[in-house]
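Novice: All I have is the shape, not the residue letters:
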Ligand SMILES: Cc1cc2nc3c(=O)[nH]c(=O)nc-3n(C[C@H](O)[C@H](O)[C@H](O)COP(=O)(O)O)c2cc1C
């Protein structure tokens, strides 16, 4: 394989949802997983698990759950409306690409589900009094950062797929019906899923990525002080 540059990968790894049916070799999936586990995690806990689903019947069931969950998502989108930075044409393209996946998630050659084991804090009574007093805040902190120990691995998966000429994207709609997903895959109670990533060779083309410009989103030293790089 000829490696593509890191920046080329970052600038072209679009959310490609239309996939060819061609199978993805297991050794390539292993390389992608090996990139995933290089990611950082809080306390270097590496509490992750990655389920690679290739079984046709399981994918069909997961696809049906994704479809159901996406009906909820689309009702939310309809009310929320178009983000200000998107033109009407861009928004319609985004909606139709998203809608395509509602009916085709289960057709992807591979569905990859990155998961995390729950990592509850030590029991309150084991902590010193000063920590017991702020225990609720600590729980809220834990909730707030939970996904941060798996989403870097997910971004590595996106980039590694790009390097292998494979399409993928992060999707999270299924979390609305996560118990059903867990039942299909036999996932234990103390494990949560964080994404459902369809992987396959793309029908469309990679990149370029259109994003809000830096001068709208980056500040120098203080909030709202324009960054002039
Ligand atoms: C947290 C998160 C959740 C997402 N969930 C979904 C999803 O459920 N379904 C979907 O089709 N795309 C999902 N996406 C993909 C976004 O729609 C996509 O990243 C965004 O439109 C940018 O696409 P682009 O990189 O092709 O420009 C999700 C992205 C993120 C970061």
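Specialist: Done, it's in. All values derive from a computational prediction rather than experimental measurement.
Novice: any low-confidence regions in this structure?
Specialist: 1 (pLDDT under 70).
Novice: Residue numbers of it in contact with the ligand?
Specialist: Within the chain, the positions near the ligand by Cβ under 6 Å from any ligand atom are 14-15, 94, 98, 101, 169-173, 209. Using the backbone N, CA and C atoms, a C-beta is placed for each residue, glycine as well.
Novice: Quick check: can you name the pairing partners of the longest strand anywhere in the chain and their directions?
Specialist: If each strand of the chain is counted by residues according to DSSP state E, the longest one is strand 110-117. Sheet pairing of strand 110-117 (DSSP bridges) gives strand 48-53 (antiparallel), strand 191-193 (antiparallel), strand 197-199 (antiparallel).
Novice: Name the stretch among these that sits most buried.
Specialist: Most buried of the strands paired with strand 110-117 by mean neighbour count (mean count of other Cβ atoms under 10 Å) is strand 197-199; its value is a mean of 24.
Novice: Next secondary structure after it?
Specialist: Next along the chain after strand 197-199, taking DSSP states H and E as the criterion, comes helix 214-217.
Novice: circling back: the longest strand of the chain: which residues count as buried?
Specialist: Using 16 or more other Cβ atoms under 10 Å as the test for burial, strand 110-117 gives 110-116.
Novice: Stretch 182-194 now?
Specialist: 182, 184-185, 187, 191-194.
Novice: Pretty sure residue 185 is one of the things residue 51 touches, is it not?
Specialist: Yes. Residue 51 is within contact range of residue 185, at 5.8 Å (criterion: Cβ atoms under 8 Å).
Novice: Overlap in contacts, those two.
Specialist: Shared contacts of residue 51 and residue 185, defined by Cβ atoms under 8 Å, 6 or more residues apart in numbering, are found at residue 113.
Novice: Now flag whichever of the buried residues of stretch 182-194 is closest to the ligand.
Specialist: Distance ranking of these against the ligand, using Cβ to the nearest ligand atom, places residue 194 first at 9.0 Å.
Novice: quick one, what contacts the nearest residue to that closest one once chain neighbours are set aside?
Specialist: Spatial nearest neighbour of residue 194, excluding adjacent residues (Cβ to Cβ, 6 or more residues apart in numbering): residue 150 at 4.6 Å. Residue 150 sits next to 41, 48, 114-116, 194-195 when contact means Cβ under 8 Å, 6+ apart.
Novice: CSV for those, including distance to residue 87?
Specialist: As requested, the contacts of residue 150 are exported to CSV (distance: Cβ to Cβ, whole Å):
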residue, distance to residue 87
41, 38
48, 38
114, 32
115, 37
116, 37
194, 31
195, 28
